[in-house]
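1. Can you look at this prediction? I've put the sequence above it.
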Amino acid sequence: MNHLSEIFSCWRYQMGCFMVIAAAFFALLASAVAGAQESGMVKTEIDWPSFMKSRDMVWKKAPTSWDNAPFLANGFIGMNITSGRDSREKSRIRVEVARMDAQDHIPMLNDQNKPSNGSEWCYKRYRVPIGFFTLDFKDELQNWDLRLDLWNAELVGSVTTKNGRRFNLRAYVHALRPVMVVELEDAAGGAVPEMEWTPFKNTSPRALAAPDRKSKEAPESVTGPDGHRVNMEGVEVWKLPLRPKGVISTAWTGVSAGKGKKVFFISIDHSYPDNGALKRSVATVRKAAAAPSGLLTDTHRDWWHQYYPESFLSLPDGYWDSFYWIQVYKLGSGMRPSGPVLDLQGPWMAMASNGWPGVWWNLNVQLTYWPCYTGNRLKIAESLPGTLRKYRKNLIENVLPKYRKDSAGLPRASGPDCRQDTGIPGSGDGAASEVGSLPWVCHNLFLHYRMTMNDAFLKEDVYPLLRRSINYYIHFLEKGKDGKLHLPPTLSPEYGTAPDANYDLALLRWGCRTLLWSTERLGIKDPLIPKWESILRDLADYPVNENGYMVGTGVPFSKSHRHYSHLFMVYPLHLVDTSRKEEAELADKSIRHWHKFKGGLQGYSFSGGASLYATLLRGDEALNMLNGLKGYLRPNTLYKEGRSPVIETPLSGAASLHDMILQSWNGVVNVFAAVPGEWKDISFHHLRAEGAFLVSAERRDGATRWIHVRSLAGEPLRLRMDIGEKARLTGTAASAMKRDANGDWVGTPAKGSELLFCLPDAKPVVSPVKISSVIKTFGLP
């Protein structure tokens, strides 16, 4: 019977493999057909393998830590590969592994009268560090020659020992299956090292990083039960019990692949409240080890080869062009539609000791997902709305019981399950009065919606959460003697508290506008419509002084700080009309005053400044600000503050590049909106604009040559561009477009229709532009 079961399981697995291959084939076929449908107007001439190879990261030196090492992942599990940590480990390679949704589950206090302290989750629902594998070559490794092949999402190359033994190395995290693969081969056919496992203890990383804070924030024990090693069906397993139930299972095995070659398969799984992760991780490893030669590689590469061409951007700046494509790789590594929200560490939590072992909702998540929208990476970005959908009950429980009937909230930070009490306006300093996180996340959801115009998503995901988040504000609004509605002191992240904080006024104003727009779009007769209208009519004005926008009433911006929360009405919410001279001058004054103070700025202060200047259509100043980010990037483009990894800042740099190239907000699609003067040549294909438009364009010698727009939803279009008067308008949507008095092209192209503006001597072909400087090679070249 067992033999028959094995045969059946093998047959079922082979059928599954066949289905994966078939699905990949038909996806590629569909992609080819889609390309053919628009080939009459726009063609692409991109040699993707060659283009991506010139942007690969390279290691000619030994990587020593997560922030200069190769990193690979699939939205759930990840690994980075480094040398040993000290002189005693120079003969070793470390394969550090992690799983992003592996967390502890200790119940929160959930007090009926007051919220818990803002850091309770750090000791009860934190992301659990996993451990690392070691390959010991018994001789010092002196020569490193590794390349992170971006096109195939694989690490390839070799290491050579002091005595001249060369070992070929190849590693990848499968794009679709929860398995990591490490291939090791002795070039001379000799024996290769075995993998040795070293687990981390289940201890709060925050407690290890800041023991002095732990004593104040969590006096109880923060260390969970020890794990233990078992063998299940010939697979080694590290079983780590969670509290109060559940398990994290790390399973691995090594398989000989010929003389001098071995392949290691690793899987990490997490389950709560049951222990199902044990069987799943073992089954994953066994199936991967039994897969036909080349199958895992082919299905892995197929996913990546479909992912990259979803959009294209080519810049003449060798630094920012290379940087951009590594961020696209990073997004593809860190997100999957059904995966957890991408947290501060990403799938590479190599450090068992760090102060931020979870998800930060007051800037980090929002910036992390921004490049997905204009960048046309919406499939993987589903992990954000998917997380909020999955844990909506927790969002409601994050507010006190008396508000749960109509409100919800997100804290400053939480574990992967979003559970941590939200602040209360007027209740004190810091996270105790921080309430804007959920409205700001709802802005991300609305951006996602605007890029697709999927009304079901608006109705089922965006509208209900935004309504609850704005209701929470409404509970605390008070009418002042001036007849205006005012907010009590709330935290402007993370500067300090102030009444009528500009951060919260902007979010409240945007939220009411968006709710009213949504009710009209969806035909909803919401009884709160009069309330939202009255808030827009009576809400206090933004506090301003001689230096620009203040933090809030009575609180000027007077010290160096990294956040730009007080400028939300300018960017990202676009509530003020910066085409008006006085509004643009006020915004410019505010940005300069913010950056005048030194010492507290961080990397995203420069990406944020770049996007603010792009909003003002000042491309040179935007690039100058973005260049300030360079000094904060690590060799592999990851980022940290202090000792702790923080993933969002480089990704926000990619969003800033989008803001300079293509803008779409307040009903206007603006092509090459804020291009720096030195960027004479730019080419892009299938970037997304609000209203569900795919936009492609080319700029040569400082002039726009052609612009192509395809409507995906049949929505109104206002197109703003700088192209010569000789440009001809053609395409199935041409008759729908008229030029207005402002020079914009306005109309409502039918769903699926397209339009092309093209100069007579131009050819609408998408291809890489010439790099005006040396392409930057990241890594340790």
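-> Nice, I can see it.

2. can we go C-alpha only for contacts and neighbour counts from here?
-> OK.

3. From A408, how far out is the closest residue to R634 other than its chain neighbours?
-> Setting aside the residues directly before and after it, R634 is nearest to D67 in space (C-alpha to C-alpha, 6 or more residues apart in numbering), at 5.8 Å. When distance is defined by C-alpha to C-alpha, to the nearest Å, D67 is 36 Å away from A408.

4. Over to G631?
-> 39 Å.

5. what about D67 and A408, which has more around it?
-> For D67 versus A408, neighbours defined as other C-alpha atoms under 10 Å are more numerous around A408 (28 against 21).

6. Pretty sure that one sits against R468.
-> Yes: A408 sits in contact with R468 when judged by C-alpha atoms under 8 Å, with a separation of 5.3 Å.

7. Which parts of the stretch 251-400 of the chain are strands?
-> With DSSP state E, counting those that start in this stretch as the definition, the stretch 251-400 of the chain shows strands at residue ranges 261-271, 312-314, 359-360.

8. Can you name every helix or strand that the first one contacts?
-> Helices and strands in packing contact with strand 261-271 are listed as strand 92-99, strand 180-186, strand 247-256, helix 276-290; criterion 3 or more C-alpha pairs under 8 Å, 6 or more residues apart in numbering; DSSP states H and E.

9. and the ones you listed, which is most packed in?
-> For the helices and strands packed on strand 261-271, ranked by mean neighbour count under the definition mean count of other C-alpha atoms under 10 Å, the leader is strand 92-99 at a mean of 25.

10. Give me the residues contacting the helix or strand just after that strand.
-> Taking DSSP states H and E as the definition, the helix or strand that follows strand 92-99 towards the C-terminus is helix 121-124. Defining contact as C-alpha atoms under 8 Å, 6 or more residues apart in numbering, one finds that helix 121-124 is touched by 104-108, 204, 206-207, 218, 222, 356-358, 414-415, 419-420.

11. Take helix 121-124, keep the C-alpha atoms, and write them as CSV.
-> Listed next in CSV are the C-alpha coordinates belonging to helix 121-124 (Å, rounded to 0.1, in the frame of the first residue of the first chain):
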residue,chain,number,x,y,z
TRP,A,121,3.6,43.5,19.9
CYS,A,122,7.5,43.6,19.8
TYR,A,123,7.5,41.0,22.6
LYS,A,124,4.4,39.0,21.8
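
12. Begin at 52 from now on, thanks
-> Happy to do that; since the first residue is 52 now, the last one works out to helix 172-175.

13. returning to that earlier point: for W195, see how far away the residue nearest to R685 is.
-> Taking C-alpha to C-alpha as the measure, D118 and W195 are separated by 17 Å.

14. How about M92?
-> Relative to W195, and taking C-alpha to C-alpha, M92 is found at 47 Å.

15. Check V416 too.
-> In this structure, V416 and W195 are separated by 35 Å, where distance is defined by C-alpha to C-alpha.

16. just D795 next, same as before
-> With the distance defined as C-alpha to C-alpha, D795 ends up 55 Å from W195.

17. and what of Y223?
-> Using C-alpha to C-alpha, which is the criterion applied here, Y223 is 18 Å from W195.

18. Look at those two and report which has more neighbours.
-> In this comparison of Y223 against W195, neighbours counted by other C-alpha under 10 Å, the higher total goes to Y223 at 26 against 20.

19. Quick one: low-confidence residue ranges for the stretch 152-301 of the chain.
-> Across the stretch 152-301 of the chain, residues meeting the criterion (pLDDT under 70) sit at 160-169, 263-272.

20. The chain now?
-> Low-confidence segments of the chain, defined by pLDDT under 70, are located at 52-91, 160-169, 263-272, 401-403.

21. hmm, back to that, I'd say the residue nearest to R685 and E692 touch.
-> No: with the criterion set as C-alpha under 8 Å, D118 and E692 do not qualify as a contacting pair; they are 11.4 Å apart.

22. Now do the contacts for the residue nearest to R685.
-> Applying C-alpha under 8 Å, 6+ apart to D118 gives the contacts R685, P686, N687, T688, L689, Y690, K691.

23. what's around the fifth one, how many residues?
-> This means L689. Here the count is done by other C-alpha under 10 Å, and L689 has 24 residues near it.

24. From H709, how far off is the nearest residue to it once chain neighbours are set aside?
-> Beyond its immediate neighbours in the sequence, the residue positioned closest to L689 (C-alpha to C-alpha, 6+ apart) is D118, lying 5.7 Å away. Here the criterion is C-alpha to C-alpha. By it, D118 lies 25 Å from H709.

25. follow-up on the earlier one: which of the contacts of D118 count as buried?
-> Neighbour counting with 16 or more other C-alpha atoms under 10 Å marks R685, P686, N687, T688, L689, Y690, K691 as buried within the contacts of D118.

26. Just the closest of these to Y655, please.
-> Minimum separation from Y655 among the buried ones among the contacts of D118 (C-alpha to C-alpha) is found for Y690, which lies at 10.2 Å.

27. E584 and W561 touch, don't they?
-> No: using C-alpha under 8 Å as the test, E584 is too far from W561 to be in contact (11.9 Å).

28. who touches stretch 529-536?
-> Outside of stretch 529-536, the residues within contact range by C-alpha under 8 Å, 6+ apart are L528, H537, L538, P539, I586, D589, L590, A591.

29. neighbours around the fourth one, how many?
-> Here the neighbour count serves as a burial measure; for P539 (other C-alpha under 10 Å) it reads 18.

30. helix, strand or coil for it?
-> Under the three-state scheme (DSSP: H, G, I helix; E, B strand; the rest coil), the conformation of P539 reads as coil.
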